[in-house]
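>>> Pasted the sequence and its predicted model underneath.
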Amino acid sequence: MQHPLQLTNSLSRKKEQFIPINPPFVGLYVCGPTVYGEAHLGHARPYVTFDVLYRYLQHAGYKVRYVRNITDVGHLENDADEGEDKIAKKARLEQLEPMEVVELYTQSFHESMRRLNTLPPGIEPRASGHIIEQIEMIKSIINNGHAYESNGSVYFDVINYARENDYGKLSGRVIEELIAGAGNERRELEGQQEKRNPADFALWKKASPEHIMRWPSPWGVGFPGWHIECSAMSKKYLGETFDIHGGGMDLLFPHHESEIAQSKGSCGHAPVRYWVHNNMITINGQKMGKSLGNFITLNQLFNGGHAMLEQAYSPMTIRFFILQAHYRSTLDFSNEGLQAAEKGLARLNAAIALLTRLKSSPDSTVSVGEIREGCYAALNDDLNTAIVISQLFEAVRVINSVHAGTERMSQADIDHLSQTMELFARQVLGLMPEIADAGGEDVDGLMNLIIALRADAKVRKDYALSDKIRDGLTTMGYTLKDEKDGTTWSKA
RNA sequence: GGUCGCGUGGCCGAGUGGCUAGGCAGAGGUCUGCAAAACCUUGUACAGCAGUUCGAAUCUGCUCGCGACCUCCA
């Protein structure tokens, strides 16, 4: 690693130097999706962001164990007794077995993540596969006096816990306000009578007779609460204390605050060294979210199938769009923004492709080392991918200038720049070239033949014919460019 | 109401107490049969008011506007 990596730790709200607990090993846990619906643009942000972190840590030489869960049980519609499990509700509405819902959306999620070129996590545990671990953790919390059973459910005792722990530290909550029932606007939640205090949260919920997802436990038949699965699974695969926990800012409270409380309430110490949170994607200035109904799914973006979309956007355009902003800033969706990203990315890819056939000079008029250093510095500064991209565009300008003859580059610099682009654009940012349908092996030969025939026409100054050929190919999606040393073609 | 954050040129979006972010769009020019692409030149922006300072868009205070969380949410 060239420079020390700094990450903004939500615990301190400051940038902190990243120092792993047991180098070269790094434990990275990212909150995965609750699989009761298709992933939307908002979901792409954390998974792309932490994909870059994962890639960069690996590049820096760390052995990263990347764990990202699939929440397939326990996520309730609300905190009330009647709160229906999200998965179960979807299953009822679509007349499917809950696990069919889980499979359907898990596979859809995987496909979207694959298209966004995110690397799969090393371990992708499911909440429903770790019921025993969750029960064991709940038991230990009860044994430590931080949880209690009530009518077949188990609740975390926030007041008891807060006597010796700083509950609310991560999210900036004030315990007294939570105890008082939070803000004036907070509506009365049903089923609160089972709790000793409104601030308490469920570790285990008793299953009502019609509830289809149910497991036996020491407290009767039921299902785990929403927050406990992350605590149990991160502990199982990363240990009682691990390096980085990531997720959306909207999970800060109550989810991550509860995770800390559960882990400390169970084993006595904080589970995570660095809490890293990405900001929201907004649409018309408002958070894109399921409950607001203002979301656009990734598949809709990929195929243009949404009323708000003027066109389809490729997965790499989405990825590029996300990485053009810093992960801690909100990012506003717009067709204009996506279209600008699409064009910019195409220019970037074209320049990288051009790099391989650039003519070298004995000397260089540009310094390519600064670009590489700039990329490292930007990534080390809290994963500033926006600056990395601006550095890549500096390289684009250099590449095109050399091609245009206004600058010169030595072969050594060309090689250096090639490695830089490969490393940062491809490997770290994960921006793969758009793979257009090749159309088969024959296309190359056919295109070369057509271009040769058109060149003959141009020699004869038969521009009517040469333009007819070019226009015809354009309508088929093939673009011809007449350059000084010949004609090149590309498929849209 | 509480806590936190944001307000940057036509749009998106970085950053910073004095030194070019970048992308997209626009204007002029070069190249070209034309086109496309590319290259060169071009924008003196940081919500408002007051203060600190040699100097602030960057720090402080206030005002206005917007948002996030406080309930499910990436």
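Nice, I can see it.

>>> in which helix or strand would I find A:Ala88?
A:Ala88 belongs to helix A:86-94 when assigned by DSSP states H and E.

>>> Could you verify that A:Trp204 is part of a strand?
Yes: A:Trp204 forms part of a strand when assessed by DSSP: H, G, I helix; E, B strand; the rest coil.

>>> Now do the same contact list for the spatially closest residue to it that is not a sequence neighbour.
Closest residue in space to A:Trp204, ignoring its immediate chain neighbours: A:Val154 at 4.0 Å, by C-beta to C-beta, 6 or more residues apart in numbering. C-beta coordinates here come from the backbone N, C-alpha and C atoms, glycine included. Contacts here follow C-beta atoms under 8 Å, 6 or more residues apart in numbering; on that basis A:Val154 touches A:138, A:142, A:147-148, A:202-204, A:219.

>>> again with A:Leu465
Taking C-beta under 8 Å, 6+ apart as the contact definition, A:Leu465 lies against A:454, A:457.

>>> helix or strand for it, which one?
Using DSSP H and E, A:Leu465 maps to helix A:463-475.

>>> Write out the residues of the stretch 151-300 of chain A neighbouring RNA strand B.
Taking C-beta under 7 Å from any atom of the strand as the contact definition, the stretch 151-300 of chain A meets RNA strand B at A:171-174, A:177-178, A:182-186, A:189, A:201, A:226, A:247-255, A:278, A:280-282, A:285-291.

>>> mind listing what's buried in the helix or strand in which A:Ile352 is found?
Remark: A:Ile352 resides in helix A:335-355, with elements defined by DSSP H and E. Neighbour counts over helix A:335-355 (16 or more other C-beta atoms under 10 Å) mark A:338, A:341-342, A:344-346, A:348-352, A:355 as buried.

>>> And for A:Asp442, the neighbour number?
Using other C-beta atoms under 10 Å, the number of residues around A:Asp442 comes to 9.

>>> let me fix that: A:Lys481
Taking other C-beta under 10 Å as the criterion, the count of residues near A:Lys481 is 11.

>>> returning to what we had before: which of the contacts of A:Val154 sit farthest apart?
In those, two members sit farther apart than any others by C-beta to C-beta. They are A:Ile142 and A:Ala202, at 13.2 Å.

>>> Those two: who's more crowded?
Remark: of A:Ile142 and A:Ala202, A:Ala202 carries more neighbours, 28 against 21, as counted by other C-beta under 10 Å.

>>> check whether the helix holding A:Leu465 contacts RNA strand B.
Yes: under the criterion of C-beta under 7 Å from any atom of the strand, RNA strand B is reached by helix A:463-475 at A:463, A:466-467, A:470.

>>> Let me have those in TSV, extended by neighbour count.
Converted to TSV, the residues of helix A:463-475 next to RNA strand B look like this (neighbours: other C-beta atoms under 10 Å):
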residue	neighbour count
A:Tyr463	11
A:Ser466	21
A:Asp467	13
A:Arg470	20
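
>>> Pick the one among the residues you listed closest to A:Tyr327.
Comparing every one of those with A:Tyr327 (C-beta to C-beta), the shortest separation belongs to A:Arg470, at 42.8 Å.

>>> Specify the local secondary structure of the nearest residue to the closest one once chain neighbours are set aside.
Nearest in space to A:Arg470, with sequence neighbours left out and distances taken as C-beta to C-beta, 6+ apart, is A:Leu480 at 4.9 Å. Secondary structure state of A:Leu480, per three-state DSSP, is strand.

>>> Domain map for chain A?
According to the domain assignment given by automatic domain parsing, chain A is divided into the following structural domains: A:6-278, A:283-428, A:442-491.

>>> can you give me how far the helix or strand following the helix holding A:Ala88 is from the chain middle?
Going down the chain from helix A:86-94, the next helix or strand is helix A:98-115, by DSSP H and E. Computed by C-alpha atoms, centre = their mean, to the nearest Å, the separation of helix A:98-115 from the middle of its chain amounts to 15 Å.

>>> what does stretch A:398-413 give?
A distance of 35 Å separates the centroid of the chain from that of stretch A:398-413, by C-alpha atoms, centre = their mean.

>>> ok, is it in contact with RNA strand B or not?
Yes: judged by C-beta under 7 Å from any atom of the strand, stretch A:398-413 comes into contact with RNA strand B at A:400-401, A:403-404, A:406.

>>> What's the ChimeraX line that selects buried ones from those residues?
Selecting only the buried members of the residues of stretch A:398-413 next to RNA strand B in ChimeraX, with burial defined as 16+ other C-beta under 10 Å, works like this:
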select /A:400,403
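
>>> Go through the residues of stretch A:398-413 next to RNA strand B and flag which are in helices.
Taking DSSP state H as the definition of helices, those contribute A:400-401, A:403-404.

>>> Give the other helices and strands that the helix or strand hosting A:Thr8 contacts.
In this structure, A:Thr8 sits in strand A:6-9 according to DSSP H and E. Contact here means 3 or more C-beta pairs under 8 Å, 6 or more residues apart in numbering; DSSP states H and E; on that basis strand A:6-9 packs against strand A:14-17, strand A:272-278.
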